[in-house]
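**Q** Pasting the sequence and the predicted coordinates here, then a few questions.
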Protein chains: 2
Amino acid sequence: MNAELSFLRTIQPELEQVELLMRTQVKDREPNLRDAVYHLLGSGGKRLRPALSLLAGKAIGADVDKLVILASAIELVHTASLVHDDLIDGALLRRGTPTLNSKWSSSATVLTGDFLFACSARLAADTNSIPVMKQFADTVSILADGEVKQMFAGPCSIDREDYYKRIHAKTASLFETCSLAAAMLGTEDPEILNNMRQFGYDIGMAFQIIDDVFDFTSDASVLGKPVGNDIRQGLITLPTLCYIETYPQDSLVQTLVTGKCIQDEEMLQQFIHSITNSDAITQSRDEAGRFVNHGIQCLNSVVGIKEKQPLIELADYIVSRET
Amino acid sequence: MNAELSFLRTIQPELEQVELLMRTQVKDREPNLRDAVYHLLGSGGKRLRPALSLLAGKAIGADVDKLVILASAIELVHTASLVHDDLIDGALLRRGTPTLNSKWSSSATVLTGDFLFACSARLAADTNSIPVMKQFADTVSILADGEVKQMFAGPCSIDREDYYKRIHAKTASLFETCSLAAAMLGTEDPEILNNMRQFGYDIGMAFQIIDDVFDFTSDASVLGKPVGNDIRQGLITLPTLCYIETYPQDSLVQTLVTGKCIQDEEMLQQFIHSITNSDAITQSRDEAGRFVNHGIQCLNSVVGIKEKQPLIELADYIVSRET
């Protein structure tokens, strides 16, 4: 947790309850499983999703105890999906900490993910809200379906709509559930629910766009993987899309447009360098900014909302963050 | 489905609805994912768990539409756990059909399992019963925790209580949920619920014991793995436990008792042969029979139960089946 983030200050006690509740889920479980989960929960992470749930729910006047349960369910489902994603990607580090699959067998890693999914489903049920549970389960299937789609997609799909669908499935759908499910615990008003859902969607989209920008602009040491890792894997993200749109005549763009991936390491490095030093980065950041602004507009149109400021700060942080 | 099993006859229409509902879950999903799920659902399986849910729920007077949803949720969670288990065990065949992991990458297999878990959670939520959802989520975590325990257990634990705990986690917990959750859809009476839960537990325990007997008595071609596969992997099941108790002086029993596994192939084959041809097999079958009888007693003590006979036939089938 980053105590220096002002929007977290108002929910510090609830965030501590979330940490406790997540750890309680494995207290009496198999010792190796328990230690693995403690390792996962202890390896950083800004707890943005629980924060979004807590702030969104409190702004709508939802019961705080239920919000803590929901926020824990959401962070556990996020953790579960990271565990399986890192296994699938063969990632060795996450946030500078060794991944579970780098230390454990893939079998144990699969089962730990399954266990965390089950814990999160139980916590979602503990909110005693059927709409929350349905929303929750739908999000988990969107996450898995999205990963499968990405796995089977042909290389280098150059299509903004595809990109937006992909980052919705991967990231924004869970952010959407954070704010929507939290609001569901406080109201049944469809207009409020839709605005709160849209806020989560927008900042989730912005979050992933900024992550995709970092893939070009960060150091490999911070990323824990080579710069330009996405494009190396044939994954076209927003900075590349912006570059393609601005420089359609670039010879490497021509290669991509004909449906081929760039295999040669020197050409790849040159292409990554070109993108990083073009205005594609600013264009992408601007796009993330537009999502956030739209989200804040939706928030502003929620009648009678309380404590809106921390949510706006959270949204601004999503686009201004450095890691 | 085995139309020849008389207890399935009364629920044939509902079982067909279950098949349809399960397939509907993937209708609009990524084509590879959809085909994989169709392959899994089409590769046999007796649908004993859905049958148990449907029969138990109908006996208590639960709403049939909700029972169909519950039965589908349960069969999908069972399928999901088989997908991950086969991946973990590196199994190439199940019920004579190639497993998903034998055809697909482990990544795609992990994600297919995740997707099926998510679908089953959504269906559980579609019963609109919070107690059912909680029971459901708890069972999934028991399944995963049980698998983790088995993975990290020292070799060759010779302890009946350990064995019973293990087969509860692996098998009986889901049977328990079949009958308990189905009954929950029809009543809140704690005595009825407990008897229905116990019935599921007992026939689930019997089911796994009989499976463990088959590991010794079936042909390798039927099993899709070598005879005595469990003991080869250091897993002590009831037939071995019975043999150990009857022949404590056997030299290979002595090896096991000192906490060592039998590594030598010739000695292993000799030991498996000794167990298969001893009364350990009958003793194990008798134990399964005792579980079933106890389950039927519980069923008989449910006041006002309807259509009890198919449940008794299902219970008898569990111990009399040949595969």
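**A** Thanks, I have it.
**Q** just for the stretch 1-150 of chain A, where's the confidence low?
**A** Within the stretch 1-150 of chain A, the segments meeting pLDDT under 70 span A:1-4.
**Q** quick one, strands of it?
**A** Along the stretch 1-150 of chain A, counting by DSSP state E, counting those that start in this stretch, strands occupy A:93-94, A:97-98.
**Q** Give me the distance from the last one to the chain's centre.
**A** When you say that, I think you mean strand A:97-98. 19 Å (CA atoms, centre = their mean, to the nearest Å).
**Q** Listing partners with orientation, what would you give for that strand?
**A** Strand pairing for strand A:97-98, using DSSP bridges, gives strand A:93-94 (antiparallel).
**Q** Comparing the strands of the stretch 1-150 of chain A, which comes out most buried?
**A** strand A:93-94 (a mean of 18; mean count of other CB atoms under 10 Å in any protein chain shown). Quick note: C-beta positions are derived from backbone N, CA and C, even for glycine.
**Q** related to what we said a few turns ago, quick check: which of the strands of the stretch 1-150 of chain A is nearest to A:Asn128?
**A** When the strands of the stretch 1-150 of chain A are compared by CB to CB, strand A:93-94 sits nearest A:Asn128, at 33.1 Å.
**Q** ok, and what's touching the closest one?
**A** With CB atoms under 8 Å, 6 or more residues apart in numbering or on different chains as the test, strand A:93-94 has contacts from A:Ser43, A:Leu82, A:Asp86, A:Thr99, A:Ser102, A:Gly224, A:Lys225.
**Q** can you do 10 Å?
**A** Applying CB atoms under 10 Å, 6 or more residues apart in numbering or on different chains, the contact partners of strand A:93-94 are A:40, A:43-45, A:82-83, A:85-86, A:99-102, A:221, A:223-225.
**Q** Most neighbours among those residues, which one is it?
**A** A:Val83 (28 neighbours; other CB atoms under 10 Å in any protein chain shown).
**Q** Looks like that one contacts A:Phe117 (just checking).
**A** Yes. Between A:Val83 and A:Phe117 there is a contact at 9.3 Å, judged by CB atoms under 10 Å.
**Q** okay, now A:Met133: neighbour count?
**A** Around A:Met133 there are 27 residues (other CB under 10 Å).
**Q** so what's it up against?
**A** Counting by CB under 10 Å, 6+ apart, A:Met133 makes contact with A:73, A:121, A:124-127, A:181, B:121-122, B:124-126, B:128, B:130, B:133-134, B:137.
**Q** repeat for A:Val227
**A** Applying CB under 10 Å, 6+ apart, the residues contacting A:Val227 are A:Phe214, A:Asp215, A:Phe216, A:Thr217, A:Ser218, A:Asp219, A:Ala220, A:Gln269, A:Ile272, A:His273, A:Thr276.
**Q** any idea how far the second one is from A:Ala280?
**A** Distance, A:Asp215 to A:Ala280, by CB to CB, to the nearest Å: 12 Å.
**Q** Please apply the same query to the fifth one.
**A** Going from A:Ser218 to A:Ala280 by CB to CB gives 15 Å.
**Q** Among these two, which residue is more densely surrounded?
**A** More crowded of A:Ser218 and A:Ala280, by other CB under 10 Å: A:Ala280, with 23 against 16.
**Q** where does the stretch 151-300 of chain A dip in pLDDT?
**A** A:154-156, A:223.
**Q** What are the boundaries of the strands in it?
**A** Under DSSP E, counting those that start in this stretch, the stretch 151-300 of chain A gives no strands.
**Q** the helices in it, which residues?
**A** Along the stretch 151-300 of chain A, the stretches classed as helices by DSSP state H, counting those that start in this stretch are A:160-167, A:173-184, A:190-217, A:220-223, A:229-232, A:238-246, A:251-257, A:265-276, A:280-300.
**Q** Quick check: what element follows the last one along the chain?
**A** Spelled out, it's helix A:280-300. Remark: after helix A:280-300, the chain's next helix or strand is helix A:309-320, criterion DSSP states H and E.
**Q** Any buried residues in that following helix, and which?
**A** Going by neighbour count (16 or more other CB atoms under 10 Å in any protein chain shown), the buried part of helix A:309-320 is A:Pro310, A:Leu311, A:Ile312, A:Glu313, A:Leu314, A:Ala315, A:Asp316, A:Tyr317, A:Ile318, A:Val319.
**Q** Check which helices and strands that helix is in contact with.
**A** With contacts taken as 3 or more CB pairs under 10 Å, 6 or more residues apart in numbering or on different chains; DSSP states H and E, helix A:309-320 sits against helix A:6-9, helix A:48-60, helix A:190-217, helix A:280-300.
**Q** repeat that with 6 Å
**A** Helix A:309-320 sits against helix A:6-9, helix A:190-217, helix A:280-300, with contacts defined as 3 or more CB pairs under 6 Å, 6 or more residues apart in numbering or on different chains; DSSP states H and E.
**Q** how far away is A:Lys260 from A:Leu252?
**A** Applying CB to CB, the value for A:Lys260 to A:Leu252 is 10 Å.
**Q** meant to ask about A:Ala108
**A** Separation of A:Ala108 from A:Leu252 (CB to CB): 42 Å.
**Q** ok, the nearest residue to A:Gln17 once chain neighbours are set aside - contacts?
**A** Distances taken as CB to CB, 6 or more residues apart in numbering or on different chains place A:Val68 nearest to A:Gln17, at 4.6 Å, with adjacent residues excluded. Applying CB atoms under 6 Å, 6 or more residues apart in numbering or on different chains, we find A:Val68 in contact with A:Glu14, A:Gln17, A:Val18.
**Q** measure the residue nearest to A:Gln25 when sequence neighbours are not counted to A:Asp85 for me?
**A** Excluding its sequence neighbours, the residue lying closest to A:Gln25 (CB to CB, 6+ apart) is A:Cys119, at 4.3 Å. Here A:Cys119 is placed at a distance of 18 Å from A:Asp85 (CB to CB).
**Q** Same check on A:Ala108?
**A** Distance of A:Ala108 to A:Asp85, given as CB to CB: 16 Å.
**Q** again, but for A:Arg94
**A** A:Arg94 is 9 Å from A:Asp85, where distance means CB to CB.
**Q** again with A:Lys66
**A** To A:Asp85, A:Lys66 is 28 Å away according to CB to CB.
**Q** now do A:Ser102
**A** Counting by CB to CB, the gap from A:Ser102 to A:Asp85 is 13 Å.
**Q** what's the answer for A:Gly96, then?
**A** From A:Gly96 over to A:Asp85 (counting by CB to CB), the distance is 17 Å.
**Q** A:Lys103 now?
**A** Look at A:Lys103 and A:Asp85: by CB to CB, they are 16 Å apart.
**Q** For the stretch 201-323 of chain A, which residue gets nearest to chain B?
**A** A:Gln233 (12.8 Å; CB to the nearest CB).
**Q** Give me the phi and psi for that residue.
**A** Backbone geometry at A:Gln233, expressed as degrees, to the nearest 10, gives phi -90, psi 10.
**Q** show me the contacts for A:Ser179.
**A** If you count contacts by CB under 6 Å, 6+ apart, A:Ser179 has them with A:Leu52, A:Ala56, A:Met196, A:Phe199, A:Gly200.
**Q** By neighbour count, sort out the buried ones in those residues.
**A** If we count by 16+ other CB under 10 Å, the contacts of A:Ser179 have these buried: A:Leu52, A:Ala56, A:Met196, A:Phe199, A:Gly200.
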